[in-house]
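Q: 3D model of this:
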Amino acid sequence: MDRKAYSVAEAAPILGISKTTLYELIDEGLIDTYSIGAKTLITAQALEDFVDFQYWGGGYEVVTSPNQGVRYE
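A: As a prediction, the model looks like this:
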């Protein structure tokens with residue numbers, strides 16, 4: 001059976017980003033999640049939708065700097 005959902009720790013490397021960056025994308029409302037107890041989960045479909053959104057040019061450029069943290073442009 002294919003995986004239907006991933007934890008943040010599992011999803012971050014799938015997207016090639018850190019857990020911190022993934023949490024920031026979640027906080028920005030760019031990736032949908034759900035919770036079971038204290039565990040935050042991301043569906044495989046939500047990951048696919050995010051990647052498709054990025055691919056088709058609707059994405060954000062992630063800019064990092066030591067003084068300003070992470071921001072999306």
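Q: C-alpha only now, for contacts and for neighbours.
A: Will do.
Q: need the helices for this structure, in chain order.
A: Shown for the chain, the helices assigned by DSSP state H span residues 8-15, 19-27, 44-53.
Q: low pLDDT regions in this structure?
A: Judged by pLDDT under 70, the chain has its weakly predicted residues at 1, 57-73.
Q: quick check, central residue of it?
A: residue 22 (4.0 Å; C-alpha atoms, centre = their mean).
Q: who's in contact with residue 43?
A: 4, 5, 6, 32, 33 (C-alpha atoms under 8 Å, 6 or more residues apart in numbering).
Q: tell me the buried residues within those residues.
A: 5, 6, 32, 33 (16 or more other C-alpha atoms under 10 Å).
Q: would CSV of those residues with distance to residue 42 be doable?
A: Output for the buried ones among the contacts of residue 43, formatted as CSV (distance: C-alpha to C-alpha, whole Å):
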residue, distance to residue 42
5, 5
6, 5
32, 7
33, 5
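Q: from those, which is closest to residue 52?
A: Of all the buried ones among the contacts of residue 43, residue 52 sits closest to residue 32, with 14.0 Å by C-alpha to C-alpha.
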